[in-house]
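Undergrad: dropping a prediction and its sequence here:
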Amino acid sequence: MREQPSDVTLIKAVFFDFDGVLTRDKTGSLTTLRYLSEQTGIDYVRIRGAFKPHNAGLIAGTTTHEEIWPNVCRELNCTIDLALLRKAFESTPLNDGMFRLARKLRKHLSVGIITDNKKDRIDHLKHYARLTSIFDPIVVSAEVGSGKRSAPIFERALAYLNITPGECVFIDNTPENLDVPNALGMGTIYFNDEQNNLGQLIATLDSRFGIRVATDA
């Protein structure tokens, strides 16, 4: 009989980061600003500069896109219909393979999202991309007032499912975002978004955490 790895525990939940893991863009800002640039003809760097002073507040939940929109338009010296922003959210390129993996995991485990993100963007994508049909909970920094470089966002997810840190795994595409969950005792996996090697991720879930994923026939 094959000996199981010593760090295998009874895992009850797998949490995914959103951008760069469940999507093919490294960040949500890249997705949104690229779309706005393409649709308006305004240089990407200019749009990024107009949004930059507001990004931290959007992530922390102290402001919304609707609140900052007049300032962004003023900085760009033009009027952009706010409806275009919702189309920018909808341009998010989902990682279809990762969504298939999440659906398979959901048959036996809780599957959730922990993300540093804007509340209005994720609220829109919950419906547009039907995120809530797969992921529960969806824990967003703008709702918690805490990002992944501190504990509260992870503690919120654990409390929601009433599980201990050792009973879950968190997957993220930024190594620094794994420091806090590691310190809490959560299982963690770094996912290289540029390689997008889902086979390697599935093998790691098995070898490190005893989570076996059925392969496609």
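TA: Looks like it came in fine.

Undergrad: contacts and neighbour counts: CA atoms only from here.
TA: OK.

Undergrad: show me the domain layout of the chain.
TA: Domain segmentation of the chain under automatic domain parsing yields 13-25+94-209, 28-90.

Undergrad: what about the shortest one, start to end distance?
TA: According to Cα to Cα, to the nearest Å, domain 28-90 extends 11 Å from its N-terminal end residue to its C-terminal end residue.

Undergrad: likewise the first one?
TA: End-to-end distance for domain 13-25+94-209, by Cα to Cα: 11 Å.

Undergrad: can you tell me how far the closest residue to Asp120 other than its chain neighbours sits from Arg103?
TA: Once flanking residues are discounted, Asp120 sits nearest to Thr64: 7.0 Å by Cα to Cα, 6 or more residues apart in numbering. To Arg103, Thr64 is 31 Å away according to Cα to Cα.

Undergrad: neighbour count for these two, which is higher?
TA: Each of Thr64 and Arg103 has its neighbours counted (other Cα atoms under 10 Å); Thr64 has more, 19 against 16.

Undergrad: most packed of the domains of the chain?
TA: Looking across the domains of the chain with neighbours counted as mean count of other Cα atoms under 10 Å, the highest average goes to domain 13-25+94-209: a mean of 18.

Undergrad: quick one: that domain to chain centroid distance?
TA: Distance of domain 13-25+94-209 from the chain centroid (Cα atoms, centre = their mean, to the nearest Å) equals 6 Å.

Undergrad: for the protein, just list every one of the strands.
TA: With DSSP state E as the criterion, the chain has strands at 13-16, 110-115, 138-140, 168-172, 187-190.

Undergrad: so which of the ones you listed is nearest Tyr128?
TA: Judged by Cα to Cα, the one of the strands of the chain that comes nearest to Tyr128 is strand 138-140, at 14.7 Å.
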